[in-house]
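> Here is the input, now give the coordinates:
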Amino acid sequence: LIVEAGALPLLVKLLRTGTELGKAEAARATSRLAQGPFLLRVVNAGALPPLIALVCPLCAGSKAGAGNNACLVLERTAADPRFCELVRELGAVGALATAAHMSGCGWADKARAALHAICPTQDEIERALMATYLENCILHAQRDASASCFESLASLAGPVSKGHDVVFRLSDGEIGCSRLLLARASPYYEKYLFGGTAESASVVVEPDPDFSSAAHRALIGQLHALGNAPLPAELDVRLELICLAAKLRDAPSAGPNAAARVLERCERAVRDSLCADNCLAVLLQLKPCAADVPELVDAAHAVVAENVAAVLKQPEWKEFRKQYPDSASDILEDITLKQASLSEEQASVIAELGGGSGTTHKRLRAA
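Prediction:
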């Protein structure tokens, strides 16, 4: 009789736009109607989306009474084979997982019961909980932009555990990762892990063998932290990370690309630390990807030119000449030109002095 009188549209309107008390009462009334032959009427009236919103403790109007009754409706609806997939598509899993995971949520138990109705296995429930936890971590980190938040995200990559759904097989061992975080951070991994290919169906990733395990570990941590984790202290790892991030950055991207952020931070850090002792090592490592970091390569060349005497004595010089003979010849040619220019200046000064003493001439030539 209540349904036939047209109560459902009014209840749905209250669920969407009512006060906290109005939403709670509407959820209670809807929970009593959503059973038996009236369940279809409740679904068709559009009650599920506002009920799902009330389940999430982050949404306005979410209180214990409203949350408990909303979970009850979702549990009954998901238990009906006709509507289980619809409940999933409307985003109930994420909302329920948030409620089930969040400390202090007054309807966490009801949320878990509803999750069990939607997700057939405990593994699927745990994956839903982990995905929601990660989404909340990302939102928290982006909102606060604090180092501790990003470090926490980076630390989620580590020894393989039940909470990981992707494994990187490195030369010195395996490292567990989050498929969600990798895809959120990198268009390349989004396509790789969710592209519907044979590779995306696998949970094991064989990384680029041209880079060390240390570089891959650093990159994975950075991707987990959306490009904001602390940079590795070792220069050689930073240089590898630049080349590796440059390859990922080049993937087509319509959204955020953490690899670009990593590349920018590493480039700035290396440029700030350039000196006579490391400029040649920087050139040796970055020459293959010079097109990606032209300013940094130019800066390293400038430091080499300013410190030629010291650079030529370094053990890396022999390897540099072997790998990049043209660049080495250019450096040596610059030295010759500078020396010739200096000799011309000295000769000009001597000529200007004209009748100066022989001692003065000898001193200038010696200089």
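> Quick one: low-confidence residue ranges for the protein.
1, 57-64, 101-104, 126-127, 129-130, 132-146, 195-202, 250-256, 337-367 (pLDDT under 70).
> and with 50 instead?
Residues of the chain meeting the criterion pLDDT under 50: 60, 200-201, 349-350, 355-367.
> Nearest to the spatial middle of it, which residue is it?
residue 226 (2.6 Å; CA atoms, centre = their mean).
> thinking it is in contact with residue 186, fair?
No: using CB atoms under 8 Å, residue 226 is not in contact with residue 186; the gap is 9.8 Å. Heads up, the C-betas are built off the backbone N, CA and C, glycines and all.
> Which residues are in contact with each of those two?
Residues touching both residue 226 and residue 186 by CB atoms under 8 Å, 6 or more residues apart in numbering: residue 258.
> Now do the buried residues in stretch 11-20.
Within stretch 11-20, the residues that qualify as buried are 11-12, 14-15, 18, counting by 16 or more other CB atoms under 10 Å.
> need the helices for the stretch 51-200 of the chain, in chain order.
Using DSSP state H, counting those that start in this stretch, the helices found in the stretch 51-200 of the chain span residues 64-79, 84-89, 92-101, 108-118, 122-144, 147-155, 179-185, 187-194, 198-201.
> Show residues contacting the fourth one.
It refers to helix 108-118. Applying CB under 8 Å, 6+ apart, the set of residues contacting helix 108-118 is 55, 67-68, 71-72, 74-76, 78-79, 84, 87-88, 92-93, 96-97, 99-102, 105, 125, 128.
> Among the buried residues of stretch 11-20, which are located in helices?
11-12, 14-15 (DSSP state H).
> Out of those residues, the closest to residue 44 would be?
Among these, residue 12 lies closest to residue 44 (CB to CB), at 10.4 Å.
> dump the residue contacts of that closest one.
Applying CB under 8 Å, 6+ apart, we find residue 12 in contact with 26, 45-47, 50.
> Apply 6 Å and report the result again.
Counting by CB atoms under 6 Å, 6 or more residues apart in numbering, residue 12 makes contact with 45-47.
> hang on, the earlier thing: could you work out the most separated pair of the ones in helices among the buried residues of stretch 11-20?
Maximum distance among these (CB to CB): 7.3 Å, for 12 and 14.
> Rebuild the ones in helices among the buried residues of stretch 11-20 as CSV, extending it with distance to residue 303.
Output for these, formatted as CSV (distance: CB to CB, whole Å):
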residue, distance to residue 303
11, 72
12, 69
14, 70
15, 66
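> Tell me the one of those residues nearest residue 314?
residue 15 (72.2 Å).
> buried sites along the host helix or strand of residue 32?
Element membership of residue 32 [criterion: DSSP states H and E] is helix 20-33. Buried positions in helix 20-33, judged by neighbour count with 16+ other CB under 10 Å: 22-31, 33.
> now the residues you listed as TSV including distance to residue 203?
TSV is the format used below for the buried residues of helix 20-33 (distance: CB to CB, whole Å):
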residue	distance to residue 203
22	46
23	41
24	42
25	46
26	43
27	39
28	43
29	45
30	40
31	39
33	43
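> Just give me the closest of the residues you listed to residue 269.
Nearest to residue 269 among these, with distances taken as CB to CB, is residue 23, at 50.7 Å.
> That closest one contacts residue 67, doesn't it?
No: if you go by CB atoms under 6 Å, residue 23 and residue 67 don't touch, sitting 10.1 Å apart.
> For the residue nearest to the centre of the chain, which residues are in contact?
Contacts here follow CB under 6 Å, 6+ apart; on that basis residue 226 touches 185, 258.
> export the contacts of residue 12 to CSV and tack on neighbour count?
CSV is the format used below for the contacts of residue 12 (neighbours: other CB atoms under 10 Å):
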residue, neighbour count
45, 20
46, 15
47, 25
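> Residue 304: neighbour count?
23 (other CB atoms under 10 Å).
> What residues sit buried inside the helix or strand hosting it?
Assigned by DSSP H and E, residue 304 falls within helix 294-306. Using 16+ other CB under 10 Å as the test for burial, helix 294-306 gives 296-297, 299-301, 303-304.
> quick one: contacts of it?
Residues from elsewhere that reach helix 294-306, judged by CB under 6 Å, 6+ apart: 267, 271, 274, 279, 282-283, 286, 290, 311, 334.
> which of those has the most neighbours?
Among the contacts of helix 294-306, residue 282 has the most neighbours (other CB under 10 Å), with 28 neighbours.
> Can you verify the residue nearest to the centre of the chain is assigned to a strand?
No: looking at residue 226 with DSSP: H, G, I helix; E, B strand; the rest coil, it is coil, so not inside a strand.
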